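Student: The sequence isn't on hand, but the structure is:
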């Protein structure tokens with residue numbers, strides 16, 4: 001399936017960055033509540049997270065704490081992958 005016409009006008013670094021941020025936020029939330037159902041309107045603003053279907057709201061500070069954990073895990077995974085390649 002081809003990308004929509006407006007897709008090419010968006011810088012790819014922006015798209016990658018926002019998808020990566022959304023992934024990290026989602027992974028952080030799943031560490032707190034593995035059954036959470038959420039949507040993220042703007043990954044640059046944790047206040048734009050919407051919790052769906054009765055999912056309890058998770059305080060921003062708790063999410064930020066878990067984001068740091070997830071970023072550390074991702075860095076460790078990347079480092080391990082690099083070590084295997086050398």
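Tutor: Perfect, thanks for sending it. What you are looking at is a predicted structure, and each value in this text was computed from that prediction instead of being measured.

Student: what's the following helix or strand after the helix or strand of the chain with the lowest mean pLDDT?
Tutor: In the chain, no helix or strand scores lower on mean pLDDT, DSSP states H and E than helix 12-32, which sits at a mean of 78. Remark: after helix 12-32, the chain's next helix or strand is strand 38-40, criterion DSSP states H and E.

Student: So which elements touch that next one?
Tutor: With contacts defined as 3 or more C-beta pairs under 8 Å, 6 or more residues apart in numbering; DSSP states H and E, the packing partners of strand 38-40 are helix 12-32, strand 49-51. For glycine as for every other residue, the C-beta is placed from the backbone atoms N, C-alpha and C.

Student: how far is that strand from where the chain is centred?
Tutor: Centroid separation between strand 38-40 and its chain, computed with C-alpha atoms, centre = their mean, to the nearest Å, is 10 Å.

Student: repeat for stretch 57-75
Tutor: For stretch 57-75 - counting by C-alpha atoms, centre = their mean - the centre lies 10 Å from the chain centre.

Student: and of the helices and strands packed on strand 38-40, who's closest to residue 63?
Tutor: helix 12-32 (5.5 Å; C-beta to C-beta).

Student: helices or strands up against the closest one?
Tutor: Counting by 3+ C-beta pairs under 8 Å, 6+ apart, helix 12-32 packs on strand 38-40, helix 60-85.

Student: So for residue 47, which of the ones you listed sits nearest?
Tutor: Minimum separation from residue 47 across those (C-beta to C-beta) falls at helix 60-85, 6.9 Å.

Student: Which secondary structure elements does that closest one sit against?
Tutor: helix 12-32.

Student: related to what we said a few turns ago, residue 65: which of the helices and strands packed on strand 38-40 is closest?
Tutor: helix 12-32 (8.2 Å).

Student: How far off centre is that closest one?
Tutor: With C-alpha atoms, centre = their mean, you get 2 Å for helix 12-32.

Student: do stretch 38-48 as well
Tutor: Mean-position distance between stretch 38-48 and its chain equals 9 Å (C-alpha atoms, centre = their mean).

Student: Many thanks, I have nothing further to ask.
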